[in-house]
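# no sequence for this one, just the structure:
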């Protein structure tokens, strides 16, 4: 009887450890995925290196919301406008 209880306890503890490790790993992955900074976007997208992003240079959610982000309506997204931009909606995971 004692060995059955010990086996059950060990099995239960093993399952708890596996579950807690898995959920910890998932939360770590979520924390690592941060939105890019304006500097990172400039390095990636600013083709003419003028320090601003035009509608032709950008892609993704930034392009979809260009008119909302370009508050001074000069045709470019500046760092100031980028910092004040609404956060993109999260995509639902299937």
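Perfect, I can see it now. All figures in this text were calculated on a predicted structure; none of them were measured in a lab.
# partners of residue 53 in the sheet?
Residue 53 has the following beta-bridge partners by DSSP bridges: residue 77.
# any idea how far residue 36 is from it?
12 Å (CB to CB, to the nearest Å). The C-beta positions use only the backbone N, C-alpha and C, and glycine is treated the same way.
# more neighbours, these two?
Shown here are residue 53 and residue 36; by other CB atoms under 10 Å, residue 53 has more neighbours (26 against 13).
# per-residue pLDDT, the more buried one?
Note for residue 53: predicted pLDDT of 92.
# next structured bit after the worst-scoring helix or strand of the chain on mean pLDDT?
For the chain, the helix or strand with the lowest mean confidence is helix 2-32, at a mean of 69 (criterion: mean pLDDT, DSSP states H and E). Following helix 2-32 in sequence order, the next helix or strand is helix 38-45 (DSSP states H and E).
# any idea how far that following helix is from the chain center?
The chain centroid and the centroid of helix 38-45 are separated by 16 Å, computed with CA atoms, centre = their mean, to the nearest Å.
# who does it touch, helix- and strand-wise?
Applying 3 or more CB pairs under 8 Å, 6 or more residues apart in numbering; DSSP states H and E, one finds that helix 38-45 contacts strand 53-54, helix 79-84.
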